[in-house]
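Peer 1: Dropping a prediction and its sequence here:
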Amino acid sequence: MQSQPQMNQSRSWKILIAEDDRFLRRAAEAMLRQHGYIVVTAADGEEALRVARAEKHDLILLDLIMPKMQGFEVLKELKADPSTSPVPVVVMTNLGQESDKQEAAEAGAADYVVKTNLDLEDLAR
């Protein structure tokens, strides 16, 4: 990841992982929990939006290609909603084209990680 938010040492961060790939979702969840984070997961775009609006999160990890609602749409809705717009969203996707990165940045993503380059240990740090 390019920029890393500073973790507040006085409490654990609550992170929402929105990822339809069950293996990656569970692996990321396990790694983040191992590092002391509180983790909530969503398996599709609609669930991600619903959970993000229902609970306060410190960070959202968002896949772009998901069932029910694509990640770009989720990102735009998150950033348009005053209750979720301040939450940093890190896009985690297999889409590595510059146009996808640009679209995510314009929609308000804090960072963009291509899954093929993803090291879960780095993600946790």
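Peer 2: In hand now; what should we look at? If you're wondering where the values come from, they're calculated on a predicted model, not measured in any experiment.

Peer 1: what residues are up against the residue nearest the centre of the chain?
Peer 2: Centre of the chain computed as the mean C-alpha position; nearest residue by Cα atoms, centre = their mean is Leu61, 1.0 Å away. Applying Cβ atoms under 8 Å, 6 or more residues apart in numbering to Leu61 gives the contacts Ile15, Leu16, Ile17, Ala18, Glu19, Ala28, Val89, Val90, Met92, Leu123. No exception for glycine: its C-beta is placed from N, CA and C like everyone else's.

Peer 1: what pairs with the host helix or strand of it, and is each one parallel or antiparallel?
Peer 2: Assigned by DSSP states H and E, Leu61 falls within strand 59-62. Applying DSSP bridges to the sheet, strand 59-62 is found paired with strand 14-18 (parallel), strand 89-93 (parallel).

Peer 1: How far away from the center of its chain is the last one?
Peer 2: What it means is strand 89-93. Offset of strand 89-93 from its chain centre (Cα atoms, centre = their mean, to the nearest Å): 5 Å.

Peer 1: go on, the first one?
Peer 2: When distances are taken as Cα atoms, centre = their mean, strand 14-18 is centred 6 Å away from the chain's centroid.

Peer 1: Put the alpha carbons of it into CSV.
Peer 2: These are the backbone C-alpha positions of strand 14-18, laid out as CSV (Å, rounded to 0.1, in the frame of the first residue of the first chain):
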residue,chain,number,x,y,z
LYS,A,14,-12.5,-1.8,13.3
ILE,A,15,-12.1,-2.8,9.7
LEU,A,16,-14.8,-3.9,7.2
ILE,A,17,-13.6,-6.3,4.6
ALA,A,18,-15.9,-6.3,1.5
